[in-house]
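Colleague: What follows is a predicted protein model with its sequence.
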Amino acid sequence: MTVAVISHPSCSLHDNGFPHHPESPERLDAINNQLIASGVDWLIRHYDAAPARREHLLRVHGAGHVERVFGASPEGDGVATLDGDTAMTRHSLEAALHAAGAAVMGVDLVFGGAHSQAFCAVRPPGHHAGRDNAAGFCLFNNVAVGAAHAMAEHDMNRIAIVDFDVHHGDGTENIFGGDERVLLCSSFQHPFYPFNGADTDLPNVLNLPLPAGTGSREWRAAVSERWLPALRDFAPGLVMISAGFDSHLEDDMGDFNLVEADYAWITTELCRIASECCGQRMVSCLEGGYDLSSLGRSAAAHIKAMAEYH
Ligand SMILES: [Zn+2]
């Protein structure tokens, strides 16, 4: 079965408000170009996302936050700053609504049976956005909006969210920490931005804080020991992924040394668990990844591993 790749033209129009920002529109081009160059394109089907509606957002965000983002949306050449490194320009709201809407569409596609797996090639990313705040380039928490949609519309009460971005998925933890319908697994460089998550003590959160310099061997060992058995025990009805590729060796945003083969490896491991537990249902959302070459290669390896899993 082909993998659904969901995006929207507005996701390429979002501009973070100053030149040479690492979270750039070229990131999506890099992924698309590599999907074609590596021959993965025939394994996928492209979809345009519909925008998330307020009711989708309000399942995971407070009304105050949602209204603040809508209200901040600038016109013309204005730049609205929401936190130290999160800003909006005139296309940002539309992009953020379609990024969250892509996760909703991905969930509907895998529960509708059209696809087993979906990848949301979207920006802005989402995993630093908490219930009541934007942060770290994120306005709405896309993966959380998707998970909450699966709960509300598809009666799903066992969702695994696996986050392999180099940064802790603190927004997702803020939203679902303590909610036993969700098992959260986040590996991240520690100590490092956003400087939290290492001492989280919640039964549904399996954080892996790892030191700068962590490479394939150490990361795979930690994932194999701490996550994979717990994910099997949890027996998810849906596997969601916060796919951050800034944990790559060539990405200067962080100091992890992962490579494409590691993303393919964890994808295959998660496909195996999803195959055992839930008919392979998997929805992955792009988070970080700022070095364009390694981002494209890593996302292509991730999607190829999904498509080729039998
Ligand atoms: Zn990141």
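Modeller: Okay, I see it. Residues are numbered from 1 along each chain as shown.
Colleague: which helices and strands does the lengthiest helix in the chain pack with?
Modeller: Taking DSSP state H as the criterion, the chain has its longest helix at helix 92-112. Applying 3 or more CB pairs under 8 Å, 6 or more residues apart in numbering; DSSP states H and E, we find helix 92-112 packed against strand 3-7, helix 54-57, helix 63-72, strand 117-120, helix 142-154, strand 238-243, strand 282-286. (Each C-beta comes from the backbone N, C-alpha and C, glycine too.)
Colleague: what about the first one, average pLDDT?
Modeller: Average pLDDT, strand 3-7: 98.
Colleague: before we move on, the earlier item: and the angle for the longest helix of the chain with strand 3-7?
Modeller: 160 degrees (axes from the mean of the first three to the mean of the last three CA atoms, to 10 degrees).
Colleague: Distance from helix 92-112 to the middle of the chain?
Modeller: Centroid separation between helix 92-112 and its chain, computed with CA atoms, centre = their mean, to the nearest Å, is 12 Å.
Colleague: now that helix and helix 142-154, what's the angle there?
Modeller: Computed by the same axes, to 10 degrees, the angle separating helix 92-112 from helix 142-154 equals 50 degrees.
Colleague: Numbering from 13 from now on, please.
Modeller: OK, 13 is where the count begins now, so the last one is helix 104-124.
Colleague: which parts of helix 104-124 are buried?
Modeller: 104-123 (16 or more other CB atoms under 10 Å).
Colleague: try stretch 152-164
Modeller: 152-163.
Colleague: Nearest to His20 among those residues?
Modeller: Within those, the smallest distance to His20 is 12.0 Å, found for Asn154 (CB to CB).
Colleague: which residues in the stretch 163-312 of the chain form helices?
Modeller: For the stretch 163-312 of the chain, the helices defined by DSSP state H, counting those that start in this stretch occupy 182-188, 228-234, 240-246, 272-290, 304-320.
Colleague: Identify the residues contacting stretch 210-224?
Modeller: 180, 185, 188-192, 194-204, 209, 230-231, 234-235, 238-239, 242, 266-268 (CB atoms under 8 Å, 6 or more residues apart in numbering).
Colleague: Just the buried residues of the residues you listed.
Modeller: 180, 185, 188-189, 191, 194-202, 204, 209, 231, 235, 239, 266, 268.
Colleague: ok, which of those also contact the ion?
Modeller: By CB under 5 Å from the ion, no member of these lies near the ion.
Colleague: Show me those residues that map onto strands.
Modeller: Using DSSP state E, the members of the buried ones among the contacts of stretch 210-224 that fall within strands are 194-201.
Colleague: Closest one to His32 out of the residues you listed, please.
Modeller: His32 lies nearest to Gln201 out of those, by CB to CB, at 23.0 Å.
Colleague: Kindly confirm whether my reading is correct that the closest one touches Leu270.
Modeller: No. The pair Gln201 and Leu270 fails to qualify as a contact (CB atoms under 8 Å) at a distance of 10.9 Å.
Colleague: tell me, what's touching these two both at once?
Modeller: Counting by CB under 8 Å, 6+ apart, the residues touching both Gln201 and Leu270 are 226, 259.
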